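Visitor: just coords:
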């Protein structure tokens with residue numbers, strides 16, 4: 001087994017709505033999509049969406065690093081995104097946690113140098 005993560009799988013109830021969120025709100029390029037499974041290309045692991053009848057949004061999460069978290073926060077606010085935890089400072093940098101269109105929670109972090 002390799003010691004790296006190649007795919008992060010996120011459960012979604014409505015594939016089209018979730019694809020729209022990740023493409024339009026976060027600007028991720030869509031690699032491909034089907035009715036049950038879709039993938040986005042990132043600069044790291046593939047972000048995959050899987051159609052599910054039930055989404056457990058308190059499961060594993062993922063992190064997007066950023067160089068300008070305040071700019072990102074402003075853009076997300078304009079897009080009407082729900083903030084699970086608003087912008088706050090931690091010992092490692094600035095962090096905020098948001099919900100995607102399906103209620104999954106993930107974080108955006110601006111790490112301190």
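Guide: Everything's here; your move. Here the structure is a predicted model, which means the values were calculated and not measured.

Visitor: gap between the two ends of stretch 24-37?
Guide: 18 Å (CA to CA, to the nearest Å).

Visitor: so which residues of the chain form strands?
Guide: 7-12, 30-33, 37-40, 46-51, 63-65, 83-90, 93-99, 105-111 (DSSP state E).

Visitor: show me what the fourth one is packed against.
Guide: Read that as strand 46-51. Under the contact definition 3 or more CB pairs under 8 Å, 6 or more residues apart in numbering; DSSP states H and E, strand 46-51 sits against strand 7-12, helix 15-20, strand 37-40. In this view, the C-beta of every residue, glycine as well, is placed from N, C-alpha and C.

Visitor: list the buried ones in it?
Guide: The neighbour-count check on strand 46-51 (16 or more other CB atoms under 10 Å) flags 47, 49, 51 as buried.

Visitor: for the first one, which non-adjacent residue is spatially closest?
Guide: The one in question is residue 47. In this structure, residue 47 finds its nearest non-sequential neighbour in residue 40, 4.5 Å apart by CB to CB, 6 or more residues apart in numbering.

Visitor: turn the helices and strands packed on strand 46-51 into a markdown table, including distance to residue 94, mean neighbour count and mean pLDDT.
Guide: A markdown table is the format used below for those (distance: least, CB to CB, whole Å; neighbours: other CB atoms under 10 Å; pLDDT from 0 to 100):
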| stretch | distance to residue 94 | mean neighbour count | mean pLDDT |
| --- | --- | --- | --- |
| strand 7-12 | 22 | 18 | 89 |
| helix 15-20 | 26 | 16 | 96 |
| strand 37-40 | 24 | 19 | 95 |
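
Visitor: of these, give the one that comes closest to residue 93.
Guide: strand 7-12 (20.7 Å; CB to CB).

Visitor: just checking, what packs against the closest one?
Guide: Using 3+ CB pairs under 8 Å, 6+ apart: strand 7-12 touches strand 46-51.

Visitor: just how off-centre is the strand it packs on within its chain?
Guide: Put simply, strand 46-51 sits 11 Å off its chain's centre (CA atoms, centre = their mean, to the nearest Å).
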